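K.L.:
structure, please.
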Amino acid sequence: MTGVHIDPRTRLFAVIICGVLIFTVNKAGLIILLTYMAIYLSVQGMPIKSVKYLLSFAVLYGLQYAIGAYASGAAAIFGFMAFFVARFIPVAMAASSLSAVSPGELIAALQKLRLPKAVIIPLAVGLRFMPCIAREFSAIRDAMHLRGISPVSFHALAHPAMTMECIYVPLLMRSMKISDELAASASARGIDNPGVRTCLRQLRFRLADGIVMLAFFVGAITISLFFE
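P.N.:
Residues are numbered from 1 along each chain as shown. Next up is the predicted model:
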């Protein structure tokens, strides 16, 4: 589904706004921020992804309340973990929008902001790394299903060590290989070139960028004033 194209600098602005607000807003403010982000992703042609994030938030919040009501002691830490992850879902939504930008376009946009290469290169590689890890995790999960192992079954919960071995060990090995591949790809594309990087796509702020930035600015002020 094709949506409105938004400049990478506007997407980075959304990430920063969400990163600041998640530490200050209350539950009502967090829900408003989630609604903002769902509309934000849907406008860019990612409604299915926004629904997945909203469902993940609902599951995590439900899990948090269930653990808080029925668990105590050391088990209560899982409720805090669910609450903490749920708080970061708006940032993950904003980051998923930024990671959808091609690396060349993102680097060119960040260079226009006069950011040093020590910031640009890790940010571009990190955002490129996350979708690769998500695909690898999906492949590992499919492989587990073929072997009769489910990461969400009762058997997996009863044997956490085996589950971690089946998921995190291959994921760690694939992460090391992907990082090497990304480094080789970046070197082949001249990421070490000291000159200013050019981009085939014309980078400029459009009307959509102005509307998005204004909406986030007004929303951030409103949420900060009334939903802290």
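K.L.:
what about the helices in this structure?
P.N.:
With helices called from DSSP state H, the chain shows them at 8-21, 27-43, 47-70, 76-87, 89-99, 103-112, 117-146, 154-158, 160-188, 207-226.
K.L.:
mind putting those in a markdown table, mean pLDDT and mean neighbour count included?
P.N.:
C-betas here are computed from N, CA, C, even on glycine. Output for these, formatted as a markdown table (pLDDT from 0 to 100; neighbours: other CB atoms under 10 Å):
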| stretch | mean pLDDT | mean neighbour count |
| --- | --- | --- |
| helix 8-21 | 87 | 20 |
| helix 27-43 | 88 | 18 |
| helix 47-70 | 83 | 15 |
| helix 76-87 | 78 | 15 |
| helix 89-99 | 86 | 22 |
| helix 103-112 | 77 | 19 |
| helix 117-146 | 76 | 14 |
| helix 154-158 | 57 | 11 |
| helix 160-188 | 74 | 13 |
| helix 207-226 | 85 | 14 |
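K.L.:
how far away is R11 from T222?
P.N.:
For R11, the distance to T222 (CB to CB, to the nearest Å) stands at 21 Å.
K.L.:
contacting residues around stretch 206-222?
P.N.:
Among residues not part of stretch 206-222, those counted as contacts by CB atoms under 8 Å, 6 or more residues apart in numbering are 4-7, 9-10, 13-14, 17, 20-21, 32-33, 36, 40.
K.L.:
nearest residue to the middle of the chain?
P.N.:
Central residue of the chain (CA atoms, centre = their mean): A92, 2.8 Å from the mean position.
K.L.:
test my guess that it contacts Y53.
P.N.:
Yes - A92 is in contact with Y53 according to CB atoms under 8 Å; the separation is 6.8 Å.
K.L.:
OK, contacts around the spatially closest residue to R9 that is not a sequence neighbour?
P.N.:
Counting by CB to CB, 6 or more residues apart in numbering, R9 lies nearest to A109, which is 5.2 Å off, once chain neighbours are set aside. Applying CB under 8 Å, 6+ apart, we find A109 in contact with D7, P8, R9, L12, V101, C199, L203.
K.L.:
mind putting those into a markdown table with distance to F88?
P.N.:
What follows is the contacts of A109, written out as a markdown table (distance: CB to CB, whole Å):
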| residue | distance to F88 |
| --- | --- |
| D7 | 24 |
| P8 | 21 |
| R9 | 22 |
| L12 | 17 |
| V101 | 20 |
| C199 | 30 |
| L203 | 29 |
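K.L.:
hmm, which two among the residues you listed are most spread apart?
P.N.:
Across these, no pair lies farther apart than L12 and C199, at 15.5 Å, counting by CB to CB.
K.L.:
now S99. Nearest residue, chain neighbours left out?
P.N.:
L127 (4.3 Å).
K.L.:
check contacts around the one you found.
P.N.:
A95, L98, S99, V101, P103, L106.
K.L.:
apply 10 Å and report the result again.
P.N.:
P8, V15, A95, S96, L98, S99, A100, V101, P103, L106 (CB atoms under 10 Å, 6 or more residues apart in numbering).
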